[in-house]
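A.B. asks: got a predicted model here, sequence first, then my questions.
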There are 2 protein chains.
Amino acid sequence: MSLAISQRGQAMPASPFRKLAPFAEAAKQQGKKVYHLNIGQPDIATPPSLFEAVRQADIRVLAYSHGAGTDSYRQKLAAYYHRAGIEVSTEEILVTTAGSEAILFALLTCLNPGDEVIIPEPFYGTYTAFAIAAGVNIVTVTATIDNGFALPPLAAFEQVITPRTKAILLCNPSNPTGHVYTRRELEDLLGLCQRHGLYLLSDEAYREYCYDGARSISALNLPGGEEHVVVMDTISKRYSACGARVGSLVTRNKTVYLAAFHFAQMRISPPGLGMLLGEAAVDLPESYFDENRAEYQARRDLTVARLQAMPGVQCPVPGGAFYVMAHLPVDDAERFGEWLLTDFTYENQTLMLSPANGFYQTPDLGRQQVRIAYVLNLNDLAAALTCLEHALLAYPDRTLAPQAVAATAEALA
Amino acid sequence: MSLAISQRGQAMPASPFRKLAPFAEAAKQQGKKVYHLNIGQPDIATPPSLFEAVRQADIRVLAYSHGAGTDSYRQKLAAYYHRAGIEVSTEEILVTTAGSEAILFALLTCLNPGDEVIIPEPFYGTYTAFAIAAGVNIVTVTATIDNGFALPPLAAFEQVITPRTKAILLCNPSNPTGHVYTRRELEDLLGLCQRHGLYLLSDEAYREYCYDGARSISALNLPGGEEHVVVMDTISKRYSACGARVGSLVTRNKTVYLAAFHFAQMRISPPGLGMLLGEAAVDLPESYFDENRAEYQARRDLTVARLQAMPGVQCPVPGGAFYVMAHLPVDDAERFGEWLLTDFTYENQTLMLSPANGFYQTPDLGRQQVRIAYVLNLNDLAAALTCLEHALLAYPDRTLAPQAVAATAEALA
């Protein structure tokens, strides 16, 4: 008798972020310096006080915690949300194994297999994997680079709503576009959810990282959203603590909370040492965010300025997160991304980008776009962007007009 | 428009281990001492060297690891398995967020929604939650207390196999029965899997905890099992490190491995600090297991001897894990368990048990059985068992013959 794996196992994609990884490895083995602009792994140090909290902890038995997380961490989290202007009680906070688990629990709780969740594309490619695991279908509405990936018109959402639609999922500030949704956009979307009886699932991993003095608006702060809103959150980006695997699911909908808690009981408890880190993180002063925000903003400014100065490159100014989505003057960003690693060097350096096709569900969309994660210090970032500038000139399948090529070549000479 | 949660969210049970928890809380608030024999949370200290490894780690950024776990930890794990007599390569080991995630990934990978997995009952109640999350159905064959919960006859399995059957799941050594499957039982089961094209999913969380000089046999060591066997493992019980949330999925089936790895990429990486603990754990000397095994065996011996001496109690001698399943002379073990916490004290002490109905899927089975976890030191364990002895006499709905009651009362007087 034969053995087959499940259909969902077959459908489960390899991470879109890892597709070019073997080429990057090969390039490094050839002695090339590779700048990683491809993954949202913050380079900023995890605050030492987080590790110190773990060092100081006096633990005899590293035991299971309550399924919703330790009381002490949930109290800390409630205080964190309060400081972020979000009033939630510990009974509305479920500690999860990073944002990943919050996403999975939200989908498992709010949607039946075969149900649909609408997500504006481009979107964080890994949502596709969670949807497959939960047996639900992603339906997209398309945001465009021309208006900085603002929320598509409500009519576009209305058009794709079916009896199987159960939720709209948003990442705010957005990975991969960096768009920070306006109050008007969020209120419009909540209104749509209210009219159609949909959940509003809001991934707020990048809450603190908004620039130019702006602040992101949590879906939890939308009046009338109590029953609709489920926030998926994580300390990964907030405190450069991706490896801690600690996040949260926050909702005022008691039925959703209880069911999500039952899913949480299934895996008994979230990571214990990670929760200790998380507790210490809440004690960081506000200046921690101010400093990092300033650093990321300087990087964003550099990245955007350099990109906009490159002929044929289109790049909106993102308001938040760690990412810039850019249109490049190349035939195919994935081929270009591979070529950068296999055929190109500038002063023995090259760079790794995320081809944007991993962020679109609609075939062929974003073929000329890339996501650039500015998770390098300013010097390295500048060097990486210089590489990109040279690469765009050297790439054989560029789509630049000859006069632009000549002018750039002269400027770089 | 109304909002409903998903059917699986509604179906998701509250943890069977938490049902009596509010009564235990209330008893403690009344100043009663409550002995917890209800949950498999080891009381033995987590080895200090594990925490020391985390203290010593010099981490600048607590970053994502590879989706399958860090290279260094997978190498350590391969060495651990080698020492346990199991030869697997790092490419056959996927580090998971505890055994829980290994179970979920195994079900998601090997079964389609609506497919069936056969599990001998009584079984670890939380498998039900994983089955609901994965959309698969558990079909049971019943093991009986009379032969120490040995593997039910193969004919019983054959009888329930349908075209939708895709796997058999075993916990070995067993939670909740403590049964350690014999080579013959395991080979028979693998033969069945081979004839019917089924996966053999083997939960080996308690591998090291076998008594009387016996050793458990890993399903990975069954000749001919390469394509069939998926082992789900964890460091939780092995090193008293339940809160670390680190486990592994181990299989030589490359297709299963790759699909499970894609599920793992979905959540990017397992807990980073937990993997550091896990690395240090592999460096513990074999004497670590010898000492703990001796301690657990002494507790098992005490528990079994005391239980068997109580009139009307039936209790096989379990070969492994931390549990004893016992038949009690009571009408309903769940009611008895509640009564212990609400109505009974002996010298201001009482105890908490796991009613066995949480371990049976077939209604009404195990109504007079309880699982006793011997995760207390010998003194407390003895005190808890004395409480139980008195409680069985005092319980109004006991099923003991009057002469047994009289004899016991006299002996206890």
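C.D. replies: Done, it's in. These numbers were taken from a predicted model, which means no experiment stands behind them. Numbers count the residues shown, from 1 in each chain, chains lettered A, B, ... in the order given.
A.B. asks: quick one: mean pLDDT over stretch A:180-192.
C.D. replies: The pLDDT scores in stretch A:180-192 average 98.
A.B. asks: how far away from the center of its chain is that stretch?
C.D. replies: Between the mean C-alpha point of stretch A:180-192 and the mean C-alpha point of its chain there is a distance of 19 Å (Cα atoms, centre = their mean, to the nearest Å).
A.B. asks: next up, the contacts around the one residue in the stretch 301-413 of chain A that gets nearest to chain B.
C.D. replies: For the stretch 301-413 of chain A, the residue positioned closest to chain B under Cβ to the nearest Cβ is residue A:375, at a distance of 9.8 Å. All C-beta atoms are positioned from the backbone trio N, CA, C, and that covers glycine. Going by Cβ atoms under 8 Å, 6 or more residues apart in numbering or on different chains, residue A:375 touches A:36, A:37, A:39, A:40, A:41, A:42, A:43, A:322.
A.B. asks: closest one of those to chain B?
C.D. replies: Distance to chain B, by Cβ to the nearest Cβ, is smallest for residue A:41 among the contacts of residue A:375, at 5.4 Å.
A.B. asks: before we move on, back to that, what's the spacing between the residue lying closest to the residue of the stretch 301-413 of chain A closest to chain B once chain neighbours are set aside and residue B:22?
C.D. replies: Leaving aside its chain neighbours, residue A:375 sits nearest to residue A:43 (4.9 Å; criterion: Cβ to Cβ, 6 or more residues apart in numbering or on different chains). For residue A:43, the distance to residue B:22 under the criterion Cβ to Cβ, to the nearest Å works out to 47 Å.
A.B. asks: okay, those two: which has more neighbours?
C.D. replies: Counting neighbours by other Cβ atoms under 10 Å in any protein chain shown for residue A:43 and for residue B:22 shows that residue A:43 has the greater number, 19 against 11.
A.B. asks: I figured that one hits residue B:61, correct?
C.D. replies: Yes - shown here, residue A:43 and residue B:61 form a contact pair, counting by Cβ atoms under 8 Å, at 6.5 Å.
A.B. asks: common neighbours of those two, please.
C.D. replies: Overlap between the contact sets of residue A:43 and residue B:61, as judged by Cβ under 8 Å, 6+ apart, is given by residue A:240.
A.B. asks: the bottom helix or strand of chain A by mean pLDDT?
C.D. replies: Of all regular secondary-structure elements in chain A, judged by mean pLDDT, DSSP states H and E, the least confident is helix A:402-412 with a mean of 86.
A.B. asks: buried sites along that one?
C.D. replies: For helix A:402-412, the buried set under the neighbour-count rule, 16 or more other Cβ atoms under 10 Å in any protein chain shown, comprises A:404, A:405, A:408.
A.B. asks: now do stretch A:281-290
C.D. replies: For stretch A:281-290, the neighbour count (16+ other Cβ under 10 Å) marks A:281, A:282, A:288, A:289 as buried.
A.B. asks: and which of the buried residues of helix A:402-412 is nearest to residue A:338?
C.D. replies: Proximity to residue A:338 was ranked across those by Cβ to Cβ; first place goes to residue A:405, at 21.5 Å.
A.B. asks: which residues touch residue A:3?
C.D. replies: Counting by Cβ under 8 Å, 6+ apart, residue A:3 has contacts B:197, B:198, B:199, B:227, B:228, B:253.
A.B. asks: could you do residue A:41 as well?
C.D. replies: When the contact criterion is Cβ under 8 Å, 6+ apart, the partners of residue A:41 are A:242, A:373, A:375, B:61, B:63, B:64.
A.B. asks: so which of the contacts of residue A:375 wins on neighbours?
C.D. replies: Neighbour max across those (other Cβ under 10 Å) = residue A:322, 27 neighbours.
A.B. asks: ramachandran coordinates for that residue?
C.D. replies: Here the main-chain torsion angles of residue A:322 (degrees, to the nearest 10) amount to phi -110, psi 20.
A.B. asks: from residue B:67, how far out is it?
C.D. replies: Taking Cβ to Cβ, one finds residue A:322 at 20 Å from residue B:67.
A.B. asks: before we move on, what about residue A:209?
C.D. replies: If you go by Cβ to Cβ, the gap between residue A:209 and residue B:67 works out to 25 Å.
A.B. asks: cool, residue A:229 as well?
C.D. replies: 30 Å.
A.B. asks: and if you look at residue A:401?
C.D. replies: For residue A:401, the distance to residue B:67 equals 42 Å [Cβ to Cβ].
A.B. asks: and these two? Which one has more around it.
C.D. replies: Shown here are residue A:401 and residue B:67; by other Cβ under 10 Å, residue B:67 has more neighbours (21 against 12).
A.B. asks: so that one sits in a helix?
C.D. replies: No - Residue B:67: not assigned to a helix; according to DSSP: H, G, I helix; E, B strand; the rest coil it is coil.
A.B. asks: so it makes contact with residue A:12?
C.D. replies: No - under the criterion of Cβ under 8 Å, residue B:67 makes no contact with residue A:12, lying 11.8 Å away.
A.B. asks: returning to what we had before: quick check: the farthest pair among the contacts of residue A:41?
C.D. replies: Checked with Cβ to Cβ, those reach their widest spread between A:373 and B:61, with 14.1 Å between them.
A.B. asks: more crowded one of those two?
C.D. replies: For the pair residue A:373 and residue B:61, the greater number of neighbours falls to residue A:373 (25 against 16), based on other Cβ under 10 Å.
A.B. asks: okay, and the beta partners of the more buried one?
C.D. replies: Listed beta-bridge partners, residue A:373: residue A:323 (assigned using DSSP bridges).
A.B. asks: how far away is it from residue B:28?
C.D. replies: Using Cβ to Cβ, residue A:373 is found at 50 Å from residue B:28.
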